[in-house]
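Undergrad: Here is a sequence together with a model predicted from it:
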Amino acid sequence: MNKNVLIRKIKLLEGLTDDEKSALLELLRSQKKYGLVWEDKPEKVEQQLEEELPVFTEVKERAISCDDPSAPNHILIEGDNLHALTALTYTHEGKIDVIYIDPPYNTGNKDFIYNDSFVDREDEYRHSKWLSFMKKRLEIAKQLLSEKGVIFISIDDNECAQLKLLCDEVFTSLNFCGQFIWRKKSGGGQTDAFFVTEHEYVFVYQSSSKFSWIDPQKIISQDNFKYEDERGKFNIVKLEKWGSSAHREDRPSMYFPIKNPKGEDYYPIAPDGKNGRWRVGLKRMKNIIDSNRIEWKNGIPYEKNYHDESITIMKTQKSRSILYNIGETGDGSKLLTNILGEKDTFQNPKPLSLAKELLSHNKANTVLDFFAGSGTTLHATMQLNAEDGGHRQCILVTNNENNICEEVTYERNKRVIEGYTTPKGEEVEGLHNNTLRYYRTNFIPREQTNKNKRALVTAATDLLCIKNNVYVEQYTFGGRKLKPNAARYFDDEKTRMLVIYNEQVIDAFVSVLRNIEVEGKIMVYVFSNNRYAYNDNFEEVREKVELCALPAAIYDAYKKVLKPHKKKERNMQEPLVESNEKYDIQEELNFSEEGGTVHD
């Protein structure tokens, strides 16, 4: 039957309420000829957003600071990731360069919680719940990706097919790059019904069709080549195989001797001290020896890779879709135990090497993981920065189920930054050039009353700090003391941000701005019942400020990802009736010269 004819008949049906007719019509219109179809299951955290808006509140006592003002500010958010992603649409829409997530695989073995209950194998809506859960989060993630952004998603066979179809539906404007196969373990452990499953998958989608999987900066710059001889700059790579498949029995033909500088036979040695194997075969090894490309260091042979040849190799060689020897699940567990000193604090954490491999494909500025788990992604981000001099910033999001955020995610990365001692007594130097800030999600009523609007602007200050990456609060402005219920000022000598909560003090701030010199512009956020940012008041100092009216900007960002409020959203062009609250301007902005001066 023609769909339009059926729609007309539904509208004429008697005995149904308007709501019931609307539900039938919506169901009919949503039916697709091809694609993934499932029954959407309501989620409590999504229903909460019908009445409340999420914000972030910093837990200041958990902040880990760094003396270097240029150190990247990493962020850990404790809370449901749907709430956190909603708030991030205001702070980071179009700003995330790399997203890496390792969501629950929905195995039925208590790894996936929906509405506060584990989803087991017998749940007839098991896949529908997972798809509902993932779609909401992936839709927001898409909005956060930058023009050069890429998203990596780890998954196994339980939801692999469903995830591919879901991603194709959600990421219609993105490019599907492909699917990595990651070897997560090498043999052993019969945990599956038919095979020993040694692999998982990583889906890759990117914003640009011109995205390069090669980072030329690492190879083309001669500064990255530490050694030099008569042929020019070169790096060295170990000739002995390293990793889980490094033993003689894995490739017997690659176990043979070469002569060391003393003329003695040297055989490859595996990482565990047993008979190993070479990284190359006998023919290739002969060529390396004949061309004088072996460099012996501390009794170990390395192959020389020259700068000019490396450029040619990197320009012609693409990344391989099968990730061998990029670390295994067991490596992640061992590392976590070494850091925290306890076993089984988190099940099956991804290895650091896998996260580093994925992140290294993109010269990212900002990295996001909203299924943070044990915090491997932040650890990998900091490790990469230390190795290549990058300045990547990482944002982690995780709930605090079983105190995981506080006791695992935070504690792990705290120790990575500050340094730690392994259970065997080995001292591991910290990655000190990093700052970590800890936030929790909080909520403000969604109804746009005057009281709620003011509460949202006050509570959104931490959002504004994250948005503008400025955290150093000053308690004076132009040499005059501030009262925090009137305004707050942040200035780290790179970025300046003024948040005015009480519009009655605007003219007082304008008079101060008139008399101070400002390098660049100050971001000025002004409470306003509508979209008017008091441009007329700031007219004479307009070259010193960049204005934004709040909370309109926050409401606008959230509307892009939230369902309409049950009560009609107010038109922000029409102000509410002002409250009877009155403020003494002289009281709110102290005009004494005490308290120092603003950095300008």
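TA: Okay, I see it. Numbers count the residues shown, from 1 in each chain.

Undergrad: what about the spatially most central residue of the chain, which helix or strand?
TA: Central residue of the chain (Cα atoms, centre = their mean): L368, 0.6 Å from the mean position. Here L368, judged by DSSP states H and E, is contained in strand 366-369.

Undergrad: how's the protein carved up into domains?
TA: 44-213+322-439, 216-316, 462-588 (automatic domain parsing).

Undergrad: pLDDT of the shortest one, averaged?
TA: pLDDT averaged over domain 216-316 equals 84, rounded to a whole number.

Undergrad: before we move on, what about the longest one?
TA: Along domain 44-213+322-439, the predicted local confidence has a mean pLDDT of 92.

Undergrad: How far does it stretch from one end to the other?
TA: Taking Cα to Cα, to the nearest Å, the first and last residues of domain 44-213+322-439 lie 22 Å apart.

Undergrad: re earlier: tell me which of the domains of the chain sits most buried.
TA: Burial of those is given as mean neighbour count (mean count of other Cβ atoms under 10 Å); domain 44-213+322-439 ranks first at a mean of 18. Every residue, glycine included, has its C-beta placed from N, CA and C.

Undergrad: can you list the domains of the chain in a markdown table and add distance to K11?
TA: Output for the domains of the chain, formatted as a markdown table (distance: least, Cβ to Cβ, whole Å):
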| stretch | distance to K11 |
| --- | --- |
| domain 44-213+322-439 | 27 |
| domain 216-316 | 61 |
| domain 462-588 | 22 |
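
Undergrad: Which of those domains sits closest to N450?
TA: Among the domains of the chain, the nearest to N450 by Cβ to Cβ is domain 462-588 (4.7 Å).

Undergrad: so how far is that closest one from its chain's centroid?
TA: 28 Å (Cα atoms, centre = their mean, to the nearest Å).

Undergrad: about what we covered before: now for the domains of the chain, which one comes closest to S22?
TA: Closest among the domains of the chain, once you apply Cβ to Cβ, is domain 462-588, at 13.7 Å.

Undergrad: follow-up on the earlier one: would you agree the residue nearest to the centre of the chain is in contact with K95?
TA: No. L368 is beyond contact range of K95, at 9.3 Å (criterion: Cβ atoms under 8 Å).

Undergrad: so what's in contact with those two at the same time?
TA: Common neighbours of L368 and K95 are listed as L144 (criterion: Cβ atoms under 8 Å, 6 or more residues apart in numbering).

Undergrad: Pull the contacting residues for M523.
TA: Neighbour list for M523: N468, T495, R496, M497, L498, V545, E546, C548 [criterion: Cβ under 8 Å, 6+ apart].

Undergrad: correct me, but the third one touches I522?
TA: If I follow you right, that is R496. Yes. Using Cβ under 8 Å, R496 is in contact with I522, at 4.4 Å.

Undergrad: What does the pLDDT read for E14?
TA: So, for E14, pLDDT stands at 77.

Undergrad: any idea how far it lies from C160?
TA: Distance, E14 to C160, by Cβ to Cβ, to the nearest Å: 47 Å.

Undergrad: what are the bridge partners for C548, then?
TA: Bridge pairing for C548 (DSSP bridges) gives the partners Y525.

Undergrad: before we move on, what about E58?
TA: Beta-bridge partners of E58, as defined by DSSP bridges: Y439.

Undergrad: surely it meets L436?
TA: No. E58 lies out of contact with L436 (Cβ under 8 Å); the separation is 11.4 Å.

Undergrad: Find residues that contact each of the two.
TA: In contact with both E58 and L436: no residue, using Cβ under 8 Å, 6+ apart.

Undergrad: on that earlier part again, so who does the residue nearest to the centre of the chain touch?
TA: Counted by Cβ under 8 Å, 6+ apart, L368 has contacts L88, H92, I96, V98, I99, Y100, A141, L144, C394, I395, V397.

Undergrad: May I have the secondary structure class of D97?
TA: State at D97, reduced to three classes by DSSP: H, G, I helix; E, B strand; the rest coil: strand.

Undergrad: any idea how far N537 is from it?
TA: 38 Å.

Undergrad: can you check Y410 too?
TA: For Y410 relative to N537 (Cβ to Cβ), the value is 43 Å.

Undergrad: what do you get for F256?
TA: F256 is 82 Å from N537, by Cβ to Cβ.
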